[in-house]
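J.: coordinates only, sequence not included:
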């Protein structure tokens with residue numbers, strides 16, 4: 001390999017600059033060129049309407065009766081004259097286009113949005129209607145005429161489906177029972193695809209859509225799954241979180257255009273209520289499209305003025321030939337220098353990914369052969385940041401090959417984060433990274449774009465699936481002894497990442513599907529695509545603009561703020577939620593709420609998985625319950641470190657007191 005020193009690279013750049021300067025400054029040549037811009041980061045925005053410094057009205061589009069009203073947004077009329085609140089409709093949307101997919105590259109965005117909203121009944125009235133929605137539609141948003149009442153500000157007719165520019169996808173929070181709604185359910189949530197007749201619905205108790213609520217809606221590009229989770233006001237202890245989900249068609253172009261508007265709509269009819277938005281955040285894995293700058297074709301203009309007489313004409317032609325020859329030579333030199341610099345940068349970048357680690361760089365053909373050309377038969381998993389294939393290398397070494405998706409959070413961020421984090425580790429409860437692979441098919445324009453890059457991580461193959469499968473999908477009941485072993489294995493992995501790695505590593509996506517199990521049910525923590533290497537003494541390095549992770553396991557402090565500080569305590573919270581799922585055998589968001597209301601002596605009866613049929617060590621289970629509650633404390637300063645958690649799990653000791661009012665659940 002030819003190694004070019006930084007000094008040589010700088011010299012080449014200077015030479016290229018000199019040649020271009022010569023061409024630009026010469027009296028006979030004009031070159032028009034387009035400026036290039038650096039890639040934009042993934043799209044993210046957040047509005048807290050109680051804080052006027054947190055948003056700009058220029059970023060919001062209000063239609064119909066929607067309006068900013070103090071520290072919230074009213075989507076429908078909110079008049080002191082109650083008769084004026086009937087048959088209202090309104091929309092509020094983000095006033096900039098949101099990219100959903102790119103036809104030319106096949107890239108599809110994943111997104112997550114969380115919003116706090118309220119539906120309030122009019123005082124002294126029991127009849128209500130009709131509801132609000134979160135929608136995606138053609139950009140810019142256009143409120144359809146005659147879309148009040150049960151049409152929810154989405155469409156002008158309930159008898160037809162929207163077509164063309166009127167198409168939409170919406171999650172509805174419906175408070176009135178119409179003929180097309182679930183029988184006997186006035187309150188319900190549903191997913192609408194260009195029609196108010198929902199393709200998927202979840203019934204709710206009557207008058208449950210009343211008061212302040214928090215909704216989280218996610219779309220996963222690899223599975224095309226759209227899911228909404230509704231959490232009710234904490235003051236209403238009796239209501240469990242509600243979910244609704246569906247799988248959108250593939251490809252998406254039959255449903256929505258490549259660029260969409262996102263926002264909220266609401267409507268009232270002969271009955272009325274208030275529809276209000278308090279805060280809203282939105283994160284997408286796809287960057288907003290940059291404004292295109294017209295690119296002019298380079299033109300060559302000969303400005304030699306004609307002279308009288310044959311001699312002057314001949315001299316003019318000779319000058320043109322000299323200039324033309326000089327230009328051709330100059331361009332040839334520029335192309336040669338550009339090629340050398342591009343090749344050097346390509347080579348250095350390709351070889352630098354694994355610098356400072358024990359990792360092997362595999363050739364692309366090795367990885368492709370091991371997975372039978374990335375055959376669908378070899379696919380063993382998929383998530384928001386990669387697709388995983390099983391394979392076998394030359395020495396009959398079973399491996400798992402993770403292909404980093406091009407439409408993750410940005411250029412190489414997932415790949416480099418995982419490579420940097422896992423490449424530093426060596427622990428029995430952390431999945432072992434064997435190596436990596438970078439395939440670049442076109443080094444010539446490496447400096448301009450990286451559209452041909454394919455990135456892979458090669459892991460040990462952990463053969464016994466993941467914890468999610470064993471808890472929820474497999475018929476065999478996971479015994480308590482194995483569950484407790486898994487609990488200690490996860491804790492040991494996090495203790496290693498937080499306390500023994502220097503600097504520490506924050507995983508940021510602790511959940512059962514990321515906990516792999518070998519044949520002896522040893523837990524191995526995997527999928528470090530969201531991880532970050534952080535240093536406690538550098539507080540500024542712990543700040544990110546986007547709160548990421550899986551909603552059900554995410555620290556509530558990360559859900560509430562657009563910018564969050566990455567700290568080990570957020571991993572500890574996720575660990576606590578996973579412990580509750582291991583105890584209970586299912587992901588029940590209301591278990592935490594119930595345990596906080598319980599007395600300690602009833603913990604085991606409420607938390608224990610019924611499938612265990614009482615076959616468990618009560619002391620161990622109580623220990624895990626108390627630890628889980630402490631890990632899930634809303635005050636991050638009250639959460640234990642993983643060192644303290646492991647000491648408690650390993651050595652027992654006196655159980656700390658657990659009082660119902662120690663912390664309120666999210």
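T.: Happy to help now that I have it. What you see is a predicted model; the values in this text were computed from it and never measured. Residues are numbered from 1 along each chain as shown.
J.: Residue 504 pairs with what?
T.: Taking DSSP bridges as the rule, residue 504 bridges to residue 534.
J.: Distance check, it against residue 642.
T.: According to Cβ to Cβ, to the nearest Å, residue 504 stands 10 Å off from residue 642. For every residue, glycine as well, the C-beta is placed using N, CA and C.
J.: between those two, who's got more neighbours?
T.: Taking neighbours as other Cβ atoms under 10 Å, residue 504 and residue 642 compare with residue 642 leading, 25 against 18.
J.: hang on, that one packs against residue 494?
T.: Yes - at 4.6 Å, residue 642 and residue 494 qualify as touching, with contact defined as Cβ atoms under 8 Å.
J.: pLDDT at the nearest residue to residue 514 once chain neighbours are set aside, what is it?
T.: In space, and not counting its chain neighbours, residue 514 is closest to residue 527: 4.3 Å by Cβ to Cβ, 6 or more residues apart in numbering. In this model, residue 527 is scored at 80, pLDDT.
J.: Residue 85 too?
T.: pLDDT at residue 85 comes out at 80.
J.: And the one 10 residues further on, by the same measure?
T.: With respect to pLDDT, residue 95 scores 93.
J.: Also residue 124?
T.: Reported pLDDT for residue 124: 70.
J.: That one: what secondary structure?
T.: In three-state terms, and counting by DSSP: H, G, I helix; E, B strand; the rest coil, residue 124 is coil.
J.: Distance of it relative to residue 458?
T.: Taken as Cβ to Cβ, the span from residue 124 to residue 458 is 67 Å.
J.: more neighbours, these two?
T.: Legend: neighbour count by other Cβ under 10 Å for residue 124 and residue 458, higher for residue 458 (24 against 6).
J.: which ones are touching that one?
T.: Taking Cβ atoms under 8 Å, 6 or more residues apart in numbering, we find residue 458 in contact with 360, 362, 367, 399-402, 433-437.
J.: Could you report the distance from the spatially closest residue to residue 71 that is not a sequence neighbour to residue 116?
T.: In space, and not counting its chain neighbours, residue 71 is closest to residue 50: 4.0 Å by Cβ to Cβ, 6+ apart. Distance from residue 50 to residue 116, counting by Cβ to Cβ: 10 Å.
J.: Return every residue with contacts to both of those two.
T.: By Cβ under 8 Å, 6+ apart, the residues touching both residue 50 and residue 116 are 278-279.
J.: who's more crowded, the two?
T.: Using other Cβ under 10 Å as the criterion, residue 50 and residue 116 rank with residue 116 on top: 20 against 12.
J.: follow-up on the earlier one: what sits in contact with each of residue 642 and residue 494?
T.: By Cβ under 8 Å, 6+ apart, the residues touching both residue 642 and residue 494 are 571-572, 575.
J.: If you rank the residues you listed by neighbours, which is first?
T.: residue 571 (27 neighbours).
J.: Does that residue belong to a helix, a strand or coil?
T.: Put simply, residue 571 is helix when judged by three-state DSSP.
J.: What score does residue 335 have for pLDDT?
T.: Per-residue confidence (pLDDT) for residue 335: 71.
J.: what's downstream of the helix or strand where it lies, the next helix or strand?
T.: Per DSSP states H and E, residue 335 falls inside helix 310-352. On the C-terminal side of helix 310-352, the closest following helix or strand by DSSP H and E is strand 360-361.
J.: what sits in contact with each of residue 504 and residue 642?
T.: 498, 568.
J.: Below-threshold pLDDT in the stretch 351-500 of the chain: ranges please.
T.: Along the stretch 351-500 of the chain, segments meeting pLDDT under 70 span 351-358, 383-385, 395, 405-425, 440-453.
J.: what's the distance between residue 266 and residue 85?
T.: In terms of Cβ to Cβ, residue 266 sits 12 Å off from residue 85.
J.: And residue 205, by the same measure?
T.: 25 Å.
J.: So between these two, which is more surrounded?
T.: residue 85 (19 against 14).
J.: What's the local residue count around residue 251?
T.: The burial count for residue 251: 12, using other Cβ under 10 Å.
J.: Check residue 439 too.
T.: Residue 439 sits with 16 neighbouring residues when counted by other Cβ under 10 Å.
J.: which stretches of the stretch 351-500 of the chain form strands?
T.: 360-361, 379-382, 386-392, 398-404, 433-440, 453-460 (DSSP state E, counting those that start in this stretch).
J.: Turn the ones you listed into CSV, including distance to residue 243.
T.: Output for those, formatted as CSV (distance: least, Cβ to Cβ, whole Å):
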stretch, distance to residue 243
strand 360-361, 43
strand 379-382, 21
strand 386-392, 25
strand 398-404, 28
strand 433-440, 34
strand 453-460, 31
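J.: looking at the ones you listed, which is closest to residue 590?
T.: strand 379-382 (28.6 Å; Cβ to Cβ).
J.: And the closest one, what's buried?
T.: 381-382 (16 or more other Cβ atoms under 10 Å).
J.: I am assuming residue 430 contacts residue 527, so please confirm or correct that.
T.: No - with contact defined as Cβ under 8 Å, residue 430 does not count as touching residue 527 (11.0 Å).
J.: Quick check: residue 596 is in a strand.
T.: No - using three-state DSSP, the assignment for residue 596 is helix, not a strand.
J.: gap between it and residue 577?
T.: 14 Å.
J.: what about those two, which has more around it?
T.: residue 577 (24 against 18).
J.: sec struct for that one, please.
T.: Per three-state DSSP, residue 577 ends up helix.
J.: Please name the residues that touch it.
T.: Contacts of residue 577 by Cβ under 8 Å, 6+ apart are 552-553, 592, 628, 632.
J.: Out of those, who's the most crowded?
T.: That'd be residue 628 among those, by other Cβ under 10 Å, with 26 neighbours.
J.: which residues of this protein fall in helices?
T.: 6-25, 310-352, 364-370, 413-422, 467-472, 480-495, 556-560, 568-584, 589-597, 603-607, 618-631, 642-651 (DSSP state H).
J.: Okay, now the unreliable bits of the stretch 151-300 of the chain?
T.: 184, 234-238, 289-300.
J.: hang on, the earlier thing: pLDDT wise, what is the residue nearest to residue 71 at?
T.: According to the prediction, residue 50 has pLDDT 82.
J.: dump the residue contacts of it.
T.: 71-72, 278-279.
J.: That one and residue 86: what is the separation?
T.: From residue 50 to residue 86 the distance is 28 Å (Cβ to Cβ).
J.: Likewise for residue 640?
T.: 54 Å.
J.: before we move on, the earlier item: mind putting the shared contacts of residue 642 and residue 494 into TSV with pLDDT and distance to residue 387?
T.: Shown next, in TSV, are these (pLDDT from 0 to 100; distance: Cβ to Cβ, whole Å):
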residue	pLDDT	distance to residue 387
571	92	25
572	94	30
575	96	27
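J.: Using a markdown table, lay out these together with distance to residue 603.
T.: As requested, the shared contacts of residue 642 and residue 494 are exported to a markdown table (distance: Cβ to Cβ, whole Å):
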| residue | distance to residue 603 |
| --- | --- |
| 571 | 24 |
| 572 | 20 |
| 575 | 18 |
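J.: from the residues you listed, which is closest to residue 190?
T.: residue 575 (34.1 Å).
J.: Verify the stated contact: the closest one with residue 645.
T.: Yes - counting by Cβ under 8 Å, residue 575 does reach residue 645; the two are 7.5 Å apart.
J.: So for those two, which residues contact both of them?
T.: Joint contacts of residue 575 and residue 645 (Cβ under 8 Å, 6+ apart) are 491, 631.
J.: wait, what's in contact with residue 516?
T.: Contacts of residue 516 by Cβ under 8 Å, 6+ apart are 431, 462, 464-467, 523-526.
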